[in-house]
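Novice: Predicted model, plus sequence, below.
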Amino acid sequence: MTTAPRPFYRADLDGFRALACVIIFIYHAGLEFVPAATLAVDGFFILSGYLLAKHAWSAHLDKTFSFARYYQKRARRVLAPLLVMLLICTLVAYWTFLPDDLDRYADSVIATIAYISNFYMAAQVDYFAPAAAVTPLVHTWSIATEEQFYVGLPLLLLSLSLLGRNWAKPVFIILFIVALWLGQWTADNMGSGAHYLLPGRIWEFLLGMAVGMFWPQSQQDKFRGVISQTISLFGMALFLFYIFTFSYEAINPPSFNMLPPLLGLCLFIMFSHPRTLTYRLMSWPVLVGIGQASYSFYLWHYPLFAFWRYRTQEPLSITEILIIALIMVPISWVSWKYVEQPFRNTKQTSLRMFVGCMVAIAALTLGLAVYANQTKGDVGRWGDTYETIIESQTKPPIMAHCKFHKNYDQTEIDACVQSFGNRPHIYLLGDSLARGFSPSLRAKLALHNIGLVTLYHPGCMPFDFPAPLHFERSKTCIAFFEQVHDYLKTRNEPVIIMALWRGHLTGPSYDNGRGGIKLKKMDQFAPYLDRLPERIPYIREEIKKLAAQHPLILIGPTPEAGWRVPEKALQVLQSGGDINDIGTGYQWHRAKTKIVGQILDDLPSVIPIIDSASLICDAESDFCPHVINGTPLYYDHTHLARPYADMLADAIVDGQLKILLPQHSEPSR
């Protein structure tokens with residue numbers, strides 16, 4: 001009596017799956033000691049190619065291959081856990097995401113269900129950019145890539161089987177060489193598409209297939225003892241060595257540089273057997289258990305990371321990583337036990353039931369995604385506050401009528417002044433703060449029939465002393481404002497000066513004392529800090545010279561936010577907090593800008609100084625709000641949004657216009 005052969009199974013391969021998942025988990029957690037962890041995903045490609053080819057190739061040769069059985073098995077393997085994960089994540093996204101993010105997430109859901117998420121991610125998400133860390137489905141690119149390959153795999157194997165055993169191997173080798181060249185070409189020419197898309201990855205699947213097709217079990221059984229021990233251990237060690245020591249840039253996926261570690265993995269697959277050390281290590285029951293649930297593990301780990309990061313808007317701490325791991329393990333086990341296993345079992349779940357359940361889950365998930373698209377992320381549930389925050393991020397134009405930036409052009413300035421005719425005009429000098437303030441001041445002055453000429457250079461103090469916020473702009477700063485001041489010597493109209501006073505004196509970095517830190521490189525600014533004793537009196541004297549020839553107004557230091565206020569407001573809104581509580585301390589602002597007093601406090605009292613902080617700050621409560629009545633006062637971490645700029649323009653026009661241009665202090669009718 002003969003018994004049916006036992007199904008092919010290797011516990012060490014499940015152990016490898018577990019190891020690969022742990023490496024990927026560590027990498028996606030943001031820990032940096034596995035710099036080439038993406039090789040673990042490539043390891044999945046190798047393993048998948050090996051296992052599928054091992055079964056399908058022999059079936060093709062024996063004329064027992066069934067296309068229907070093959071595709072049904074693939075569908076039962078991948079669809080149920082993926083669709084259940086998508087449905088649950090979509091419900092979580094409705095609760096978690098702000099409208100624009102929910103809208104983008106919905107696009108990724110549709111792409112994932114269609115198994116083209118790798119194309120979507122290639123077009124929309126840089127895998128290594130910060131945005132990827134809060135994109136829950138970015139990891140599905142690899143699943144889409146695998147399935148796209150698996151669709152055509154039976155036809156490839158059928159074609160090779162028709163060639164016969166003698167021709168199959170040389171033709172396969174030619175295909176592999178072409179695919180390897182294609183991988184190198186995509187790495188050199190396709191940017192992020194090389195990472196995400198199938199063409200560059202084909203050679204990895206073919207490499208795994210080569211082991212499954214041309215390294216039969218009988219061949220493996222020939223190598224026992226020292227040979228198999230040494231080669232299997234060397235192969236796994238080489239694979240792990242690359243993961244822990246090489247950077248992603250060094251291996252440059254999917255280039256030739258990946259061949260050594262992936263060949264090492266192939267050696268492990270070829271020579272590991274129950275008597276080798278590698279097999280015994282990789283078949284440790286804990287690893288095998290994780291490996292059996294590796295698909296669910298992989299599916300769930302990234303959404304958990306992404307949603308957590310989205311809620312906190314901060315890098316993950318070790319404690320948070322451990323909490324996520326403790327959440328992920330039972331979720332993955334439940335997915336494997338109660339979703340993967342039942343739907344893969346043809347006796348437990350009939351084909352009709354399987355198709356019906358998959359269609360129902362997919363339809364419900366697609367319905368939610370389409371609704372999110374149609375309603376622009378269900379924006380209505382957030383009210384007007386969300387739209388107000390989004391609109392506040394709009395920056396004023398760099399160039400506009402009578403607004404001159406960086407490149408001094410006397411002809412255009414003269415044309416601007418002539419366009420005012422007999423109307424008076426005022427000059428606004430400054431850095432990018434003046435750019436942001438200019439539209440509000442222009443609109444307020446227009447009510448009094450007064451023109452405005454804005455002369456600004458980003459990152460530069462409005463004097464010809466080399467003290468730029470951006471070192472590389474020093475020459476253009478000096479040249480621009482030298483010409484500006486030479487021009488103003490020929491004029492006598494009023495001048496208003498606005499700049500980031502503190503930043504120009506002490507450097508561009510800023511800590512708002514409440515967790516908002518604007519970090520900039522300070523090394524190039526150090527020489528200017530050393531020259532503060534020289535710069536402060538110089539700037540003071542330049543102001544006095546300007547005031548001797550022009551009616552002059554100085555706008556004092558505006559409170560710096562230290563964080564991008566609209567983004568901070570969205571974060572607080574998303575977490576259910578009150579965005580009107582966003583702000584910093586008034587005394588903190590005064591302490592940070594104390595050095596500016598060494599310039600402004602010693603100026604003649606006849607020079608008006610607008611205390612811009614007093615327009616929004618409350619000394620009694622020691623609070624400078626960054627949002628008032630749901631409206632952000634800044635469009636980034638420093639520059640004034642229209643509401644704050646309007647308040648400042650009102651303070652100048654209503655409070656100082658009589659001094660500057662007394663005959664035009666009343667609005668025109």
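Specialist: Happy to help now that I have it. Numbering: from 1, shown residues only.
Novice: Every contact and neighbour count from this point should use C-alpha atoms.
Specialist: Will do.
Novice: Next one: Gly459, what pLDDT does it get?
Specialist: On the pLDDT scale, Gly459 is placed at 82.
Novice: Wait, it touches Gly430, no?
Specialist: No - assessed by Cα atoms under 8 Å, Gly459 is found out of contact with Gly430, at 9.0 Å.
Novice: Using CSV, list the CA coordinates for stretch 15-27.
Specialist: Extracted C-alpha coordinates of stretch 15-27, given in CSV (Å, rounded to 0.1, in the frame of the first residue of the first chain):
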residue,chain,number,x,y,z
GLY,A,15,11.3,31.3,10.0
PHE,A,16,12.9,33.5,7.3
ARG,A,17,9.5,35.1,6.7
ALA,A,18,9.4,36.0,10.4
LEU,A,19,12.9,37.4,10.3
ALA,A,20,12.2,39.5,7.3
CYS,A,21,9.0,40.9,8.9
VAL,A,22,10.9,41.8,12.1
ILE,A,23,13.5,43.6,10.0
ILE,A,24,10.9,45.5,8.1
PHE,A,25,9.0,46.3,11.3
ILE,A,26,12.2,47.8,12.8
TYR,A,27,12.9,49.8,9.7
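Novice: Now do it: distance to the chain's middle.
Specialist: Relative to the chain's own centre, stretch 15-27 is displaced by 23 Å; criterion: Cα atoms, centre = their mean, to the nearest Å.
Novice: and that stretch, which residues are buried?
Specialist: Neighbour-count burial for stretch 15-27, counted by 16 or more other Cα atoms under 10 Å, picks out 15-27.
Novice: and what of stretch 367-375?
Specialist: 368-370, 372-373.
Novice: Report the helix or strand with the lowest average pLDDT across the protein.
Specialist: helix 217-221 (a mean of 63; mean pLDDT, DSSP states H and E).
Novice: after that helix comes which helix or strand?
Specialist: For helix 217-221, the following helix or strand on the C-terminal side (DSSP states H and E) is helix 226-245.
Novice: Show me what that following helix is packed against.
Specialist: helix 38-61, helix 259-271, helix 277-282 (3 or more Cα pairs under 8 Å, 6 or more residues apart in numbering; DSSP states H and E).
Novice: Quick check: buried residues in it?
Specialist: Buried-residue list, helix 226-245, by 16+ other Cα under 10 Å: 228-240, 242-243.
Novice: Stretch 621-631 now?
Specialist: Under the neighbour-count criterion of 16+ other Cα under 10 Å, stretch 621-631 has 623-628, 630-631 buried.
Novice: okay, the helix or strand containing Ala122 in CSV with CA atoms only?
Specialist: Element membership for Ala122 (DSSP H and E) is helix 117-124. Provided in CSV are the C-alpha atoms of helix 117-124 (Å, rounded to 0.1, in the frame of the first residue of the first chain):
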residue,chain,number,x,y,z
SER,A,117,-1.0,50.7,-5.8
ASN,A,118,2.6,50.5,-6.9
PHE,A,119,1.8,52.8,-9.8
TYR,A,120,-0.2,55.1,-7.5
MET,A,121,2.6,55.3,-5.0
ALA,A,122,5.2,55.8,-7.7
ALA,A,123,3.3,58.8,-8.9
GLN,A,124,2.3,60.3,-5.6
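Novice: Could you identify the helix or strand that succeeds that helix?
Specialist: Under the assignment DSSP H and E, the closest C-terminal helix or strand after helix 117-124 is helix 140-163.
Novice: average pLDDT across that following helix?
Specialist: Rounded mean pLDDT across helix 140-163 is 92.
Novice: Tell me which other helices or strands it touches.
Specialist: Judged by 3+ Cα pairs under 8 Å, 6+ apart, the packing partners of helix 140-163 are helix 38-61, helix 117-124, helix 165-189, helix 192-196.
Novice: Could you look over those helices and pick the most buried one?
Specialist: Scoring the helices and strands packed on helix 140-163 by mean neighbour count under mean count of other Cα atoms under 10 Å gives helix 192-196 as the most buried, with a mean of 23.
Novice: residues making contact with that one?
Specialist: Residues outside helix 192-196 that contact it (Cα atoms under 8 Å, 6 or more residues apart in numbering): 118-119, 121-123, 126-127, 141-142, 145, 183, 186-187, 200, 253-254.
Novice: Over to stretch 483-495?
Specialist: Counting by Cα under 8 Å, 6+ apart, stretch 483-495 makes contact with 408, 424-429, 455, 463, 549-553, 660, all of which sit outside it.
Novice: Please apply the same query to stretch 128-141.
Specialist: With Cα under 8 Å, 6+ apart as the criterion, stretch 128-141 contacts 28, 105, 108-109, 112, 116-119, 121, 125-127, 196-197, 299, 302-307, 309-310.
Novice: and if you look at stretch 622-635?
Specialist: The contact list for stretch 622-635, computed with Cα under 8 Å, 6+ apart, reads 385, 388-389, 392-395, 559, 561, 564-566, 569, 579-587, 613, 616-618, 640-644.
Novice: same check, this time on stretch 455-465
Specialist: 403-406, 427-432, 434-435, 467-470, 473-474, 477-482, 484-485, 497, 499-501, 504, 535, 539, 542.
Novice: Go again with 7 Å.
Specialist: Outside stretch 455-465, the residues that touch it by Cα atoms under 7 Å, 6 or more residues apart in numbering are 403-406, 428-432, 434-435, 467-470, 477-478, 481-482, 499, 504.
Novice: Sort out for me which of those are in strands.
Specialist: Of the positions in the contacts of stretch 455-465, 403-405, 428-430 sit in strands, assigned by DSSP state E.
Novice: Neighbour-wise, give me the winner out of these.
Specialist: In terms of neighbour count, Leu429 stands highest of those at 28 neighbours, by other Cα atoms under 10 Å.
Novice: Now for it: which residues touch it?
Specialist: 454-456, 462, 496-498.
Novice: in the sheet, who's paired with the spatially closest residue to Leu552 that is not a sequence neighbour?
Specialist: Among residues not flanking Leu552 along the chain, Val495 sits closest, at 5.0 Å (Cα to Cα, 6 or more residues apart in numbering). Beta-bridge partners for Val495, by DSSP bridges, are Tyr427, Leu552.
Novice: Distance of Val495 relative to Leu554?
Specialist: Counting by Cα to Cα, to the nearest Å, the separation of Val495 from Leu554 is 9 Å.
Novice: Please say which of those two ends up with more neighbours.
Specialist: Ranked by neighbour count (other Cα under 10 Å), Val495 and Leu554 place Val495 first, with 23 against 19.
Novice: about what we covered before: could you export the helices and strands packed on helix 226-245 to TSV, including columns for distance to Trp333 and mean pLDDT?
Specialist: What follows is those, written out as TSV (distance: least, Cα to Cα, whole Å; pLDDT from 0 to 100):
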stretch	distance to Trp333	mean pLDDT
helix 38-61	20	90
helix 259-271	26	96
helix 277-282	20	94
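Novice: Looking at those, which is nearest to Ile517?
Specialist: helix 38-61 (31.6 Å; Cα to Cα).
Novice: can you give me the helices in the stretch 401-550 of the chain?
Specialist: Assigned by DSSP state H, counting those that start in this stretch, the helices in the stretch 401-550 of the chain fall at 410-419, 432-446, 474-488, 501-506, 526-530, 532-549.
Novice: pLDDT of the fifth one, averaged?
Specialist: The predicted model assigns helix 526-530 a mean pLDDT of 66.
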